[in-house]
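Student: coords please:
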Amino acid sequence: MKLLKVEDVLKREEDIQHAEVEYDIIKELGDKTVRYAILSHRWEVEVTFKEMTGLTKMDERKREEVRNRPGYQKIIKSCEQAMKDGYEWLWIDTCCIDKRSSAELSEAINSMYRWYQDAQVCYAYLNDVDESAFPTKYNEGAYGKSSGWPEWFTRGWTLQELLASEQLEFFNKNWAPIGNKRKLAHVLEDITTIPYDVLRNGLAGKRLSVAQIMSWAANRKTTRVEDRAYSLMGLFEVHMPMVYGEGKKAFQRLQLEIIRTSGDHSIFTWDADMPRTGSVLADDPSDFRDCGNIEKVEPDEFGDKLVEHIELHRLGNPWYMRFNSRTISTNPIHQCRLAWLRWRARALSHQLRKFTVSNDGIQVCLPVIPHPDSPSHFRAMLACGGRGLVSFDLVSSGPGFDKLPSNFANIDKRKTLKAYPKFRTLHLAHNQDVNEKRRKFTLDDKHASYHGFTRCGTYPHESAGDTVTLSSLTNGLVVVVYANKDAESYFAVGLGYYLGQGWVHIVCDEHLPSQDVHWANFGERAYEQMWYTRAEHARNMSKQDHARSTRNAHFIKLAHLTKDARFIERARFITNAHFIKDAHLPRSIWAARVVWGRWEADNFNVMVDVQQCPGCCDGPCGMTTTLNDWGGLGMPGLMNTVCRPYSLKLDGRVAQLVNCSGQRIELGDYGDCVDGILIRSGNIFEDMRILGFDHEDSAYRPVACHVSSDTRFMYHMRNQTDVAIAHHVTSHTHLALRQAKGISLPANEHFVLLLKAFSTRLVGKHLVTILIQCSDLYSVDEDGKRRDSGDDLAPDGGMHAAEPGIFTPFCAIASPQVWRREPPCVRRREQFRSIREHFYALVNIHRRPTGPETYHGFAPEER
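Tutor: Numbering: from 1, shown residues only. The predicted structure is shown next:
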């Protein structure tokens, strides 16, 4: 190590004006062979190794600038104190390390704890203490920038300097002594939370856990993020290379080095301020802030502690009786299980203290309890704790296990994991977010503005743009708040996961309008309400999904086994199923609607809309499921296509079509659909002209699409480029279309809003979304050959010609999502009818006739 020669430093300072005099002020010596003092301080404007050794060679202006720095004055005062105490050598980190050499810097950082430990005395310079006595009480006025105590106690590097130095003397701003570590141990314990015994006698021989030591560094800061880890290496007696620029990875490397040299389970007991899922390693020492009382349990003691933990939390199936104010288990099987677990823990004592670190994770043997609601979730017990063992929650993700945040333990307060633990070898993930399934949800809420609602923000974290992120491995929740401030109406949409099951819920503001309502306050209330009911929301989602998947699972299975186009198309249609949830907004004529797809099918689009509420007679709003064909041709919003037997490819994608032979069908027709036949009641484009819309506007103009045959006919028709064959999925009668062309409704936001504008008047109606036209058509067999018989060219009794020589054989009919409403609730209608009858009966009783005529009731028109 490089040391300052105290006498030469002071002599040079006296003769500083005589530049011709050279002093060899820094020499490299062994720390075990010399007696030296060492300085601990808070960095200010310091002097480097190069500046210290080349001071006399500088020009006068530069030399005076260096000598006037606070850092140089510290060097001189430290040397004066060292000489006064009889020390020939002094080490100061600012000028005794040539930081131009990365090798020297790495060696110094790895050796620094030992250097402080081997020093005869450490001078702790408190540059912000003016008093002549050590500050023994919290003083925010004097030390407001450093949590009420001198800044020296908030820095990361000074922790190891405090603990490593056997003799540590404190000095105030004027270099007056104000006490030492041993005499001030009680005060230092209050400031640092380090136990009194450790402060007086050091770390050696103490049964301290990793989590305890980490907790002492929780509230300390460093200028460089990497130094949060590097400043702790000496406390754990580990060494690793310095890689400045790696950021928080340095602290993860530190934990892996500790794990390789220690069997201490307490390193997994951290709890982050911001809950996250993934690596079992902490991001920062601050995650150990509440671990000051965590004690290490040795492997040979773990069996007894495990049994005590089981008895304390009444795990398993014990029977209890009271005897002399004691609770005693009377179940013999329970006692046998406890004895077996105690024996098993002792047999596995070697494995319990052994960690194996690899790319697959950290291999460790732990007792675990499976969660009753999810086979992939477990609670593991660690060989550490205070009163009882510490446990933490894990989720299986591929071959490894990820740690869940501590709030997972409060999933459902009505349920407690009561099973007996089982010992299991686990691979715990140590790479942050390697196994974590982070989902980015895209919010489509622009149509909510139709009724004046806008997105206010998200809670608890603000999200940028139209995306919010959740993890499927944790019980995460994000709340999106919407408001119509003119109507003082709020609602919140919650997106969350519970035990891997995604869920969506809507919460409305039930409070009376108030000028004091802020969206963030409402968002916080909605978040808290949904947080404690998320288990119920997830169960409701699971029931809906199970009912539908049970009905359609065989189609998906057949699609995978047979590769048949019919089953593949059906499976695609099923996976495009969507959920719908509605909620009436109090004191308004609106209802909030959320539509989302199957998250397990990687459909993370969430549509939020506001529609006119159909009224209380429609019953309480809830959740329904619907099949919406998002996998076909682009459509103006969600469309539930009527499933019919014919299919063609439009712009390369399969479309299901209705044979409309004999009908006068036009694009944009709407009406009731019965067995695939549209009973026309109007046309969107005709209504637009009546209402004054510019039908020549490109936003409302129909879109042309290319028509081609189903894949199975591509080979037979390869030489007939102007023929497309419509495939019939159930019969062998297929239709060939010559010079076929298709037109569809425009799939843009203008047309979507147009359909929404018509939603009140066209509730429950169906719409013609695609029209297929051709110059000729004829029947073909399975090989694509034309049939000889001509009587089946128009199988539905004739072919309507839209124009001379132009036929319209097929169309697509769909139900727009914005036009759909749930059927009325008969029970609620009966309830309201009964309420009205009682109301009018009461009015008849209390009303008295005013004339001589007898009053027999109200006339109908009076009612």
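Student: what mean pLDDT does stretch 502-516 get?
Tutor: Per-region confidence: stretch 502-516 scores 76 on mean pLDDT.
Student: the nearest residue to Arg587 once chain neighbours are set aside: neighbouring residues, count only.
Tutor: Counting by Cβ to Cβ, 6 or more residues apart in numbering, Arg587 lies nearest to Ser489, which is 7.0 Å off, once chain neighbours are set aside. Every C-beta, even on glycine, is put in place using the N, C-alpha and C of the backbone. Around Ser489 sit 22 other residues, with neighbours defined as other Cβ atoms under 10 Å.
Student: return the residues in contact with the closest residue to Asp300 other than its chain neighbours.
Tutor: Closest residue in space to Asp300, ignoring its immediate chain neighbours: Ser349 at 5.6 Å, by Cβ to Cβ, 6+ apart. Listed by Cβ atoms under 8 Å, 6 or more residues apart in numbering, the contact partners of Ser349 are 299-300, 302.
Student: before we move on, the earlier item: the residue nearest to Arg587 against Ser588, yeah?
Tutor: Yes. Under the criterion of Cβ atoms under 8 Å, Ser489 is in contact with Ser588, at a separation of 5.2 Å.
Student: returning to what we had before: distance of the residue nearest to Asp300 from Arg342?
Tutor: Ser349 sits 11 Å away from Arg342, going by Cβ to Cβ, to the nearest Å.
Student: so where is the stretch 351-500 of the chain shaky, pLDDT-wise?
Tutor: Residue ranges of the stretch 351-500 of the chain with pLDDT under 70: 398, 406-417, 432-438, 471-475, 500.
Student: wait, Arg224 touches Glu246, no?
Tutor: No. Under the criterion of Cβ under 8 Å, Arg224 is not in contact with Glu246, lying 10.5 Å apart.
Student: and Glu837, how many residues sit next to it?
Tutor: Other residues close to Glu837 by other Cβ under 10 Å number 10.
Student: helix, strand or coil for it?
Tutor: Following DSSP: H, G, I helix; E, B strand; the rest coil, the label given to Glu837 is helix.
Student: centre-most residue in the protein?
Tutor: Against the mean C-alpha coordinate of the chain, by Cα atoms, centre = their mean, the closest residue is Leu470 at 3.3 Å.
Student: bridged to Leu657, which residues?
Tutor: Tyr646 (DSSP bridges).
Student: what's the answer for Gly386, then?
Tutor: For Gly386, the residues forming beta bridges with it (DSSP bridges) are Gly388.
Student: how near is Val608 to Asp466?
Tutor: Applying Cβ to Cβ, one obtains 11 Å for the distance of Val608 from Asp466.
Student: which residues are in contact with both of the two?
Tutor: Shared between the contact lists of Val608 and Asp466 (criterion: Cβ under 8 Å, 6+ apart) are residues 443-445.
Student: now tabulate those residues in CSV and tack on distance to Glu22.
Tutor: Written out in CSV, the entries for those read as follows (distance: Cβ to Cβ, whole Å):
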residue, distance to Glu22
Leu443, 72
Asp444, 76
Asp445, 76
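Student: list only buried entries from these.
Tutor: Buried by 16 or more other Cβ atoms under 10 Å: 443, 445, out of the shared contacts of Val608 and Asp466.
Student: now render the shared contacts of Val608 and Asp466 as JSON lines, adding secondary structure and distance to Phe423.
Tutor: As requested, the shared contacts of Val608 and Asp466 are arranged in JSON lines below (DSSP: H, G, I helix; E, B strand; the rest coil; distance: Cβ to Cβ, whole Å):
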{"residue": "Leu443", "secondary structure": "strand", "distance to Phe423": "45"}
{"residue": "Asp444", "secondary structure": "strand", "distance to Phe423": "49"}
{"residue": "Asp445", "secondary structure": "coil", "distance to Phe423": "50"}
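Student: wait, which of the shared contacts of Val608 and Asp466 is closest to His461?
Tutor: When those are compared for distance to His461, the smallest value, 14.5 Å, is given by Leu443; criterion: Cβ to Cβ.
Student: residue contacts, Lys296?
Tutor: When the contact criterion is Cβ under 8 Å, 6+ apart, the partners of Lys296 are 207-210, 264-266, 383-384.
Student: can you map out the strands along the stretch 451-600 of the chain?
Tutor: Secondary structure of the stretch 451-600 of the chain by DSSP state E, counting those that start in this stretch: the strands cover 454-459, 467-471, 477-484, 489-498, 501-508, 577-584, 590-597.
Student: between the ones you listed, which one is closest to Ile677.
Tutor: Once the strands of the stretch 451-600 of the chain are compared by Cβ to Cβ, strand 577-584 is nearest, at 25.5 Å.
Student: what's the PyMOL line that selects buried ones from the contacts of Ser349?
Tutor: Provided next is the PyMOL selection string for whichever of those are buried by 16+ other Cβ under 10 Å:
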select buried, resi 299+302
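Student: for the contacts of Ser349, give me CSV that also has distance to Thr769.
Tutor: Written out in CSV, the entries for the contacts of Ser349 read as follows (distance: Cβ to Cβ, whole Å):
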residue, distance to Thr769
Pro299, 69
Asp300, 74
Phe302, 67
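Student: the contacts of Ser349 in helices, which ones?
Tutor: When helices are assigned by DSSP state H, the members of the contacts of Ser349 inside them are 299-300, 302.
Student: so what's the residue nearest to Asp300 scoring on pLDDT?
Tutor: 82.
Student: returning to that earlier point: distance to Leu762 and secondary structure for the contacts of Lys296 - can I get that in CSV?
Tutor: Putting those into CSV (distance: Cβ to Cβ, whole Å; DSSP: H, G, I helix; E, B strand; the rest coil) gives the following:
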residue, distance to Leu762, secondary structure
Arg207, 77, coil
Leu208, 74, coil
Ser209, 69, coil
Val210, 67, helix
Asp264, 69, coil
His265, 65, helix
Ser266, 65, helix
Ala383, 68, strand
Cys384, 66, strand
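Student: just give me the closest of the residues you listed to Pro816.
Tutor: Each of these was checked against Pro816 using Cβ to Cβ; the closest is His265, at 58.2 Å.
Student: relative to Val198, how far out is that closest one?
Tutor: 21 Å.
Student: neighbour count winner among those two?
Tutor: Taking other Cβ under 10 Å, His265 and Val198 do not tie; His265 has more neighbours (30 against 20).
Student: wait, what's in contact with the more buried one?
Tutor: His265 makes contacts with 296-297, 364, 366, 382-384, 390, as judged by Cβ under 8 Å, 6+ apart.
Student: which one of the ones in helices among the contacts of Ser349 is nearest Ala841?
Tutor: For Ala841, the closest of those turns out to be Phe302, at 75.5 Å, with distances computed as Cβ to Cβ.
Student: I figured the closest one hits His350, correct?
Tutor: No. Applying Cβ under 8 Å, one finds Phe302 not in contact with His350, separated by 11.6 Å.
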